[in-house]
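S.K.: Build the 3D model from these lines:
(2 chains)
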Amino acid sequence: MDFAVTLVTVAAALGASWLRMGAALLISVGFSLVVGVAAATNRYLERIIIPILDILQSIPILGFFPLALAFFYRLSPIIGGELAAVFLVFTSQVWNITFAVYESTKVISTELLDTARALRMNLLDRFRYIYVPATFPRISQNLQPSWANGIFFLVGSEIISFGEEEVKLFGLGTVVSEFTVNGDIIGVSLTLILLVVATVATNLLVFTPLIEATQPRWRPVGRLTSLVYPFRRLFGGAVRTVRIQPLLAFAEYHTPVTGLVKKLSPLSSIARGLAFFVTGGFVLGLILSGGEALLARIALFASTLNQIGVETLGLATFYSLLRVSAAVCFALAWSIPASILIAHSKRFSTTLPALFQVIASIPATIVYPIFANVLADAPELRAFILVVAASQWYVFFQVLAGMRGVPVVEEDVSRLLGLSFVDRVRLVYLPRALPAIITGCITAAGGAWNGLVVAERLVLSNVVAETELPGLGKLLSIYTYEGNLAASVVVMTVMASVIVLMNRLFWKALYDYAVSKLKIEETGQGR
Amino acid sequence: MQRESILRAVDISHSYRTKKGIEIEVLKNLSVDLYYGEFLGIVGQSGSGKSTLLKIMAGLVKPVSGVVLYKGKAINGPTPAISLVFQEPALFPWLTVLENVMLALRRFKDHSKQEMVERALSYLDMVGLSGFENSYPGELSGGMKQRVVLARALVTNPDILLMDEPFSNVDPLTAVSLRREVDMLRQHESLPPTSVILVSHNVEEIVELSDRVAVLTSRPARVAGEITINMPKPRDRRSPQFYEHVDAIFTLMS
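M.R.: Residues are numbered from 1 along each chain as shown, chains lettered A, B, ... in the order given. Predicted coordinates:
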């Protein structure tokens, strides 16, 4: 009857984790609607909110955790852990949704808004009849990538000890690590199977019908499936006034990065970013210290920086940057040929992406405990695998969407002119997909940085899986477990600064160069 | 008198399947002939499958049933002998005008680069675009883009030129001059193509340019009737004779 017990435990853990994810997702949608619409409709708020959101989405999510935990524990020791977990998952799900709301609110036609003004609609009515219907197509497309991203960090959020306080929440993450520690192979495989089944079921029963129901119709409509109908009743109507291209999940995630990159000038946003971190770090420190003098905090920050050593930080940054670059290159190397094959061959076009979606939905963090021991002799390889797992799907799905975005006419012309396959790839597919490829890399780099926090050093009960060479993620993890809050904040600040600098100086330049070189007319965001 | 066909579409049927699995018949047992040296107009209502028919004749789409014969031989794919001009000017924005035209010459391996450039330049000159060879399509007007497309379609010396509503995406004034240009290119003695098919829903346009008009029924499309137009070119749109032909076509269409 052991099996039955295991099954019930896993199912219950799955339920608990899913509840956390669902709660975080609902909060994310609510937050996004309020903040996204506020940023899109008020010019002053826009100037404040958008840079802050941009910075927040660059921060490695796991880095939030010690701070969040300390904060929520202060609020309530009983449910603090639970709140912190939901908060962490929330931070991994919310940004792309907020940007989706912001961007789709921005494209609402002025005529519609003028009409609303003429009709003297109040704020509530405007949300009900304009903002929610106009933004929901994009929101629904973002739910699935958000969910996938959330699962990745769910595992991390359920078991993290902070100094002496160890918090273990009942859920998938704790269950799977216990099975691994006990060497319970049946338990681990059962968890994995249930996880995949639940993910696929959630996609099929919730997200896909929701997307179907809220998308504007672009093809002759047949009968709606029974599931689609109630959704359409709920969100139908005005929803269909906004046109949107169907994109694969993941493709949406972090697309705002490129949108933003276009809007902000590099230098001012760097300055703003750094200023935000410095002040943000102090304010957080201030709150956590219970209101001690600001000067003491500044002194602590500086002394902590000295204590860690600029050299250590520099070296750690260098190795982390190497790992991230390697992961992005690897992902790119297989994604481009694979997506050309999938997008331009009928045989693979439906089956492979579906299969990849399922594989991509398995969070690498949950499989990690299993191969952490197997690859104990090759810590760099082990870390590399996890970083790749945390980033490659962003590249792949983004590149695939780009390759599929080749207009039918261009496809026809290249056939008509008898272009060879090599010419077609070189002259048509690659140029057409290049912006998407770069977007994919930006997204993947973000994912890789997040993954580093786990990949470079992960503590599971008595197993410590870490890289031998230094890294920022490793540093962060060490200080977090020591309970050295000030040091964690310093490392996080460095990491986020590196990410922001990369986005501004490298990726933005690359994207701008590509777009101007390709002479592609930029029509807002995406194509 | 039996005239000889250069391109024949024989008994073509085609249908699409929507994502929900509903089959939509676009063409049904349609046969049409293009004779040597002829300008054939095909007219039909929007959505009547005209573009599909043209794509099938260009070898881009394989019909569900029926064959297309070029000089008596069945075609199974795009061939350099048949050029197709799309409704929207399908140029690659990251290639210059010259590179876009030269794209059509890539399939001829025996040409040297220099020959290809010269050839492409001479065709650009013919459509009145000399001096624009190093511009990018994004810098050109709609009419100029369509001229580039025309140059690209003609540069391979095709026997047959197929045009799918080539004037519908440019402003009316540009359309007038483009039509005149197509007409003039046709008068050019040495110049291919020998035969042209123009597909349009604009009846006046069809009457202005065509030697013969095939009128399609609405979906699924069949040939409702044919009209021969024996008027000298350029044709006066305001002449009573012109309107007789227009009326005759409208009668067949409804």
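S.K.: Report the backbone C-alpha coordinates of stretch A:99-108 in PDB.
M.R.: Taking C-alpha atoms only, stretch A:99-108 is exported to PDB below (Å, rounded to 0.1, in the frame of the first residue of the first chain):
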ATOM      1  CA  PHE A  99       3.900  44.700 -20.000                       C
ATOM      2  CA  ALA A 100       1.200  42.900 -22.100                       C
ATOM      3  CA  VAL A 101      -1.500  45.000 -20.400                       C
ATOM      4  CA  TYR A 102       0.600  48.200 -20.800                       C
ATOM      5  CA  GLU A 103       1.200  47.600 -24.500                       C
ATOM      6  CA  SER A 104      -2.300  46.500 -25.400                       C
ATOM      7  CA  THR A 105      -3.700  49.500 -23.500                       C
ATOM      8  CA  LYS A 106      -1.500  51.800 -25.400                       C
ATOM      9  CA  VAL A 107      -2.800  50.600 -28.700                       C
ATOM     10  CA  ILE A 108      -6.500  51.100 -27.900                       C
END
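S.K.: Any idea how far that stretch is from the middle of the chain?
M.R.: From the chain centre to the centre of stretch A:99-108 is a distance of 18 Å (CA atoms, centre = their mean, to the nearest Å).
S.K.: what residues does the strand or helix carrying residue B:51 touch?
M.R.: If you go by DSSP states H and E, residue B:51 is part of helix B:50-57. Contact with helix B:50-57 is made by A:412, B:7, B:9, B:12, B:14, B:26-27, B:30, B:32, B:42-44, B:61-63, B:68, B:82, B:84, B:87, B:162, B:164-165, B:197, B:199-201, B:216, B:221, as judged by CB atoms under 8 Å, 6 or more residues apart in numbering or on different chains. In short, each C-beta sits where N, CA and C put it, glycine included.
S.K.: now that helix: mean pLDDT?
M.R.: Across helix B:50-57, the average pLDDT comes to 86.
S.K.: Show only the entries of the contacts of helix B:50-57 found in helices.
M.R.: Per DSSP state H, helices hold the following members of the contacts of helix B:50-57: residue A:412.
S.K.: Just the buried subset of the contacts of helix B:50-57, please.
M.R.: Among the contacts of helix B:50-57, those classed as buried by 16 or more other CB atoms under 10 Å in any protein chain shown are A:412, B:7, B:9, B:12, B:14, B:26-27, B:30, B:32, B:42-44, B:63, B:68, B:82, B:84, B:87, B:162, B:164-165, B:197, B:199-201, B:216, B:221.
S.K.: where along the stretch 401-527 of chain A do the helices fall?
M.R.: Here the stretch 401-527 of chain A has its helices, by DSSP state H, counting those that start in this stretch, at A:408-416, A:421-423, A:430-455, A:472-482, A:485-501, A:508-518.
S.K.: In the second one, which residues are buried?
M.R.: Buried residues in helix A:421-423, counting neighbours by 16+ other CB under 10 Å, are absent.
S.K.: tell me the mean pLDDT for it?
M.R.: On average, helix A:421-423 scores 88.
S.K.: residues in contact with that helix?
M.R.: A:414, B:106.
S.K.: re earlier: pick the most buried one from the helices of the stretch 401-527 of chain A.
M.R.: Sort those by mean neighbour count, taking mean count of other CB atoms under 10 Å in any protein chain shown, and helix A:430-455 sits at the top with a mean of 26.
S.K.: Is any residue of that helix near chain B?
M.R.: Yes - part of helix A:430-455 sits near chain B under the criterion CB under 8 Å from any CB of the partner chain, namely residue A:431.
S.K.: Spell out which residues of chain B are next to chain A.
M.R.: B:18-22, B:55, B:58, B:60, B:77-78, B:80, B:83-84, B:86, B:88, B:90, B:92-95, B:103-104, B:106-107, B:136-138, B:152.
S.K.: Give me the buried subset of these.
M.R.: B:55, B:58, B:60, B:78, B:80, B:83-84, B:86, B:88, B:90, B:92-95, B:103-104, B:106-107, B:136-137, B:152.
S.K.: re earlier: looking at the helices of the stretch 401-527 of chain A, spot the one closest to residue A:195.
M.R.: helix A:430-455 (17.2 Å; CB to CB).
S.K.: hmm, who's touching stretch B:107-127?
M.R.: Residues outside stretch B:107-127 that contact it (CB under 8 Å, 6+ apart): A:417-420, B:80, B:97-98, B:101-102, B:105, B:130, B:132-133, B:147-148, B:150-151, B:154-156, B:181, B:185.
S.K.: If you count neighbours, what's buried in it?
M.R.: Buried residues in stretch B:107-127 (16+ other CB under 10 Å): B:107, B:116-117, B:119-121, B:123-124, B:126-127.
S.K.: Pick the one among these closest to residue A:10.
M.R.: residue B:107 (59.6 Å).
S.K.: part of a strand, is that closest one?
M.R.: No - Residue B:107 sits outside any strand when classified using DSSP: H, G, I helix; E, B strand; the rest coil, being coil.
S.K.: what's the following helix or strand after whatever helix or strand residue B:227 lives in?
M.R.: Residue B:227 is part of strand B:223-228 when elements are defined by DSSP H and E. With elements assigned by DSSP H and E, the helix or strand that comes after strand B:223-228 is helix B:240-253.
S.K.: List the buried residues for that next one?
M.R.: B:242, B:245-246, B:248-249, B:252-253.
S.K.: hmm, back to that, contacting residues around the strand holding residue B:227?
M.R.: B:30-32, B:211-217, B:245, B:248-249, B:252-253.
S.K.: Equivalent analysis for stretch A:113-127, please.
M.R.: In this structure, residues lying in contact with stretch A:113-127 by CB under 8 Å, 6+ apart are A:33, A:37, A:129-130.
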